[in-house]
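Visitor: generate coordinates for the sequence data below:
(one chain, ligands or ions: 2)
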Amino acid sequence: MSAETLLQKVKRYHSESFECIKKALEIDENQNGKKEDALMWYDKGISMLEKGINVPKMGASLDDKTKIIRIQTKMMKNLQMAKERQDCLNAKSSTSESVLSKPTRPHSGPPAAKEPKPGPSSTSIRSKPSSGVLIPKSTATSRARSNIASGKPAVSASRTSNRTPNRPSSAESKINHSQIPESTSKSRLRSKQFKSVSSEMANKIIDAALIEKSVKFDDIAGQEAAKEALKEIVIYPVLRPDLFMGLRSPAKGLLLFGPPGNGKTLLAKAVAGEADATFFNISAATLTSKWVGEGEKMVKALFAVAREVQPSIVFIDEIDSLLRARQENDSDAARKIQTEFFLQFDGVGTDPNDRILVMGATNRPQELDDAALRRFPKRIYVRLPDAQTREHLFKMLLSKLENSLSPADIHKLSKMCDNYSFSDLTDLAKDAAMGPIRELPRDVMMTIEASKMRKINLNDFTKSLHKIRPSVDVSLLRTYEQWNNKHGDTSS
Ligand code: ATP
Ligand code: MG
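Guide: Ligands and ions are numbered 1, 2, ... in the order given. All right, here's what the predicted structure looks like:
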């Protein structure tokens with residue numbers, strides 16, 4: 001067996017620590033969970049994190065080194081938050097003296113070489129006197145979760161409506177649920193008894209309906225028309241159901257369409273992040289392949305669960321593969337899933353009090369037939385960015401990195417990127433950001449202080465423009481425009 005590389009080692013510690021902290025959080029958030037058990041899992045997780053953070057980078061290839069640094073940075077954040085949470089639990093327990101009687105739990109791993117910011121929040125229980133006098137912290141699990149940077153998309157159907165004073169919306173807006181093992185609401189949903197669907201099925205749906213609550217509308221450059229339409233259909237009616245009644249009832253189906261890489265999935269995630277509704281995110285591929293032979297039942301279960309926890313949003317990404325006009329050679333299973341989907345979808349509109357929205361996204365709207373289109377009366381074109389939006393995106397991207405581009409440079413650059421999609425532009429910026437690194441001799445790169453690096457400049461971008469080309473064909477763009485003129489919402 002070949003020896004484990006440094007990168008593999010870091011990844012292993014990362015995923016092992018992730019599992020431990022996930023378990024800890026589950027117990028921590030469960031009212032009946034034993035806090036000692038949660039503390040034990042936090043301990044294990046912290047130990048793994050410390051080991052992972054201490055894995056040396058020297059000796060790894062350049063590529064691996066970058067990845068190691070990225071993972072270790074996440075692990076440092078996790079470490080800080082796990083410790084905060086642990087301290088908080090210990091502080092709580094100390095009042096009941098249940099933990100005070102326990103010896104300070106040892107950490108098996110070496111202390112982290114580089115603690116995150118040394119501040120009160122990263123003070124570990126180890127640094128407390130053995131008397132067990134713990135300083136209580138007000139950190140709530142939600143906050144800890146918000147910072148658990150696992151990098152794994154792992155949040156399921158989540159309800160954001162039940163905000164308590166401990167979870168103000170401003171705090172929630174910072175929550176990066178993509179980095180959270182599970183949400184409280186997921187545990188709550190899992191323990192719920194559903195009337196019309198077995199717990200087993202419901203849990204499958206809850207587990208598979210992963211969402212990332214990390215995205216906000218402000219994180220998305222441009223797409224103003226799409227954002228406004230989404231707010232009108234999704235956000236406002238949930239906030240003011242009394243206003244959005246009768247003729248003002250929001251559409252039951254909304255389709256985001258457009259060329260790849262312009263934010264359809266991102267917009268849906270922003271809806272998940274901003275709407276006070278339970279958000280189910282299932283890709284058509286999951287429905288058709290993950291539950292081979294069961295897809296039809298899962299569609300039924302999905303809607304049953306959505307109905308019982310409304311207001312809810314069912315988002316089906318790449319919906320063309322589920323709803324495209326059926327072909328001769330399609331499997332029976334695919335047909336059945338489609339039929340069930342239509343059946344369930346139509347059921348949504350029957351009760352006027354239903355607050356369920358079905359959202360779909362596709363970069364192949366041409367493949368949807370009339371039967372599918374009819375169900376999505378609101379169709380929003382998510383288009384390529386214009387020069388002004390490109391400028392805005394560059395500013396957003398560059399704000400995260402030292403650079404020497406003047407506003408005039410950014411303006412000039414934006415003019416050079418006709419037909420680049422948002423993701424092309426993001427790739428372009430990533431490539432340009434590598435410019436100053438690429439010109440360094442390897443030995444210098446290994447030792448140079450980050451603050452001494454040359455700043456990215458316009459020249460880095462112009463060089464990258466030769467490498468990163470627009471991914472969407474111009475003729476294809478015309479097809480989208482035509483489809484939009486024929487079927488889309490052209491009001492804006
Ligand atoms: P596809 O049709 O291939 O599914 P999509 O339209 O769903 O593509 P996304 O997955 O949402 O595209 O976007 C891909 C990536 O491009 C995002 O993760 C993000 O980095 C970047 N991106 C896309 N749109 C925007 C935007 N409007 N603002 C900022 N970044 C964006
Ligand atoms: Mg997408």
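Visitor: what residues does this protein put near ligand 1?
Guide: Contact residues, the chain versus ligand 1 (Cβ under 6 Å from any ligand atom): 220-223, 260-266, 361, 363, 382, 393, 422-423, 426. Quick note: C-beta positions are derived from backbone N, CA and C, even for glycine.
Visitor: which ones among those residues are found in strands?
Guide: A361 (DSSP state E).
Visitor: mark which of the residues of the chain next to ligand 1 are buried, thanks.
Guide: Listed as buried from the residues of the chain next to ligand 1 are 220-223, 261-266, 361, 363, 382, 393, 422-423, 426; burial here means 16 or more other Cβ atoms under 10 Å.
Visitor: the residues you listed: which ones sit near ligand 2?
Guide: Among those, proximity to ligand 2 is found for K264, T265 (Cβ under 5 Å from the ion).
Visitor: list the contacts of the residue of the chain found nearest ligand 2.
Guide: In the chain, no residue comes nearer to ligand 2 than T265, which is 3.3 Å away by Cβ to the ion. Shown in contact with T265 (Cβ atoms under 8 Å, 6 or more residues apart in numbering): D317, A361.
Visitor: what's the pLDDT at it?
Guide: Model confidence at T265, given as pLDDT, is 90.
Visitor: now G273
Guide: For G273, pLDDT reads 81.
Visitor: contact partners for I233?
Guide: P250, A251, L254, L357, K378.
Visitor: just flag the most distant two among those.
Guide: With Cβ to Cβ as the measure, no two of the contacts of I233 lie farther apart than L357 and K378, at 9.6 Å.
Visitor: are there residues contacting both of those two? Which ones?
Guide: I233, A251, G253, L254.
Visitor: max pairwise distance over those residues: which two?
Guide: So, the shared contacts of L357 and K378 by Cβ to Cβ: farthest apart are I233 and G253, at 9.6 Å.
Visitor: coming back round to it: settle it for me: which of L357 and K378 has more neighbours?
Guide: L357 (28 against 19; other Cβ atoms under 10 Å).
Visitor: specify the local secondary structure of the more buried one.
Guide: strand (DSSP: H, G, I helix; E, B strand; the rest coil).
Visitor: might one say that it is in contact with S249?
Guide: No: using Cβ atoms under 8 Å, L357 is not in contact with S249; the gap is 10.8 Å.
Visitor: what is the top helix by length along the chain packed up against?
Guide: Identified as the longest helix of the chain according to DSSP state H is helix 62-96. With contacts taken as 3 or more Cβ pairs under 8 Å, 6 or more residues apart in numbering; DSSP states H and E, helix 62-96 sits against helix 6-29, helix 35-53, helix 141-147.
Visitor: the closest residue to V215 other than its chain neighbours: helix or strand, and which one exactly?
Guide: Distances taken as Cβ to Cβ, 6 or more residues apart in numbering place K269 nearest to V215, at 4.0 Å, with adjacent residues excluded. With secondary structure defined by DSSP states H and E, K269 is part of helix 264-274.
Visitor: try S196
Guide: Using DSSP H and E, S196 falls outside every helix and strand.
Visitor: can you count the residues close to it?
Guide: Neighbours around S196, by other Cβ under 10 Å: 13.
Visitor: one step back: can I get the helices and strands packed on helix 62-96 in JSON lines with mean pLDDT?
Guide: Shown next, in JSON lines, are the helices and strands packed on helix 62-96 (pLDDT from 0 to 100):
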{"stretch": "helix 6-29", "mean pLDDT": "88"}
{"stretch": "helix 35-53", "mean pLDDT": "89"}
{"stretch": "helix 141-147", "mean pLDDT": "41"}
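Visitor: residue contacts, F394?
Guide: By Cβ under 8 Å, 6+ apart, the neighbours of F394 are L405, I410, L413, S414, L425, A429.
Visitor: can you check L405 too?
Guide: F394, L398, L413, I456, N457, L458, F461.
Visitor: mind listing the strands for this structure?
Guide: 253-257, 278-283, 312-317, 356-362, 378-381.
Visitor: which one of the ones you listed lies nearest to E84?
Guide: It's strand 278-283; of the strands of the chain, that one is closest to E84 (Cβ to Cβ) at 27.4 Å.
Visitor: quick one: list the elements packing against the closest one.
Guide: Checked by 3+ Cβ pairs under 8 Å, 6+ apart, strand 278-283 has helix 199-208, helix 264-274, helix 295-308, strand 312-317 packed alongside it.
Visitor: show me which positions of the second one end up buried.
Guide: The neighbour-count check on helix 264-274 (16+ other Cβ under 10 Å) flags K264, T265, L266, L267, A268, K269, A270, V271, A272, G273, E274 as buried.
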